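Enquirer: Generate coordinates for the sequence data below:
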Amino acid sequence: MKLRDSPIYHEKQSFWLCAKHSLNNVLQSEVYTQADLDRIAKYLHEIHPEESGWLKFNSHKNFLGFGDYDVNVMIAALQEHGYDLLWHDNRTDIEEADLGRCTGLIVHIQPEWFFRRGHWFAIKHFGEPLTVPVVPDTYVGQPRTARSAADMESHEYDTKTYEPGFWNLDSKIPHPENIGDRNELNSFLRKLYKKYRVHVLLVVPTSTSSASSSI
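Expert: Model prediction:
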């Protein structure tokens, strides 16, 4: 199976567009373009220009136009398509959240080093078994990081079938990675907590989120 034939939609990292990739990966299609998020960031800046401070730059995106959208842009973008973004209280295990009504998770990691840029990525639950291509750590004697994107896309891989569970759809990894069940998701997040400042947000249909602003 070729990577492009995988049943999992997975956008790769481009510039500082991790917010766009996270939204599309969690919704499993190209719902949003950079132009969409630029439009939303512009609108938010126009209705609350005071948030930009004395520099007057748009605080909701990178002023050079490379992306780097903030959470307000993501919330507004999801609301346009009938979803809300709810904050998860990291003091409780993710197992305690009502994941049954959750479309997916969006995670923000911020390295402790001040000058390192934060990163958004998506985690998605698939409720049926999935057969996906298995990408080994080496290919034709070369490290995985040395392969070109075109080479990876055109290569025929062996396949493996996974039981229903959670998948890491980080745009910075070359292909989706299986996490497993709720217990394994909890372990995955706890490892992140030890390395980064982490915010976990749940994507839920608007009709199911009216009773609570966090999960």
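Enquirer: Tell me which helix or strand in this structure has the weakest average pLDDT.
Expert: Of all the helices and strands that make up the chain, strand 142-143 has the lowest average by mean pLDDT, DSSP states H and E, namely a mean of 47.
Enquirer: So which residues of this protein form strands?
Expert: Counting by DSSP state E, the chain forms strands over residues 83-87, 104-111, 119-126, 130-133, 138-139, 142-143, 159-162, 165-168, 177-180, 196-205, given from the N-terminal end onward.
Enquirer: okay, the angle between the second one and strand 83-87?
Expert: Computed with axes from the mean of the first three to the mean of the last three C-alpha atoms, to 10 degrees, the direction of strand 104-111 lies at 40 degrees from that of strand 83-87.
Enquirer: same thing with the third one?
Expert: Going by the same axes, to 10 degrees, strand 119-126 is angled at 110 degrees with respect to strand 83-87.
Enquirer: who does strand 119-126 pair up with?
Expert: Applying DSSP bridges, strand 119-126 is found paired with strand 104-111 (antiparallel), strand 165-168 (antiparallel).
Enquirer: Next, count neighbours for G118.
Expert: Burial of G118 is recorded as 15 neighbouring residues (other C-beta atoms under 10 Å). Every residue, glycine included, has its C-beta placed from N, CA and C.
Enquirer: low-scoring pLDDT stretches of this protein, where are they?
Expert: Applying pLDDT under 70 to the predicted model, the residue ranges of the chain that meet it are 49-67, 113-116, 137-151, 208-215.
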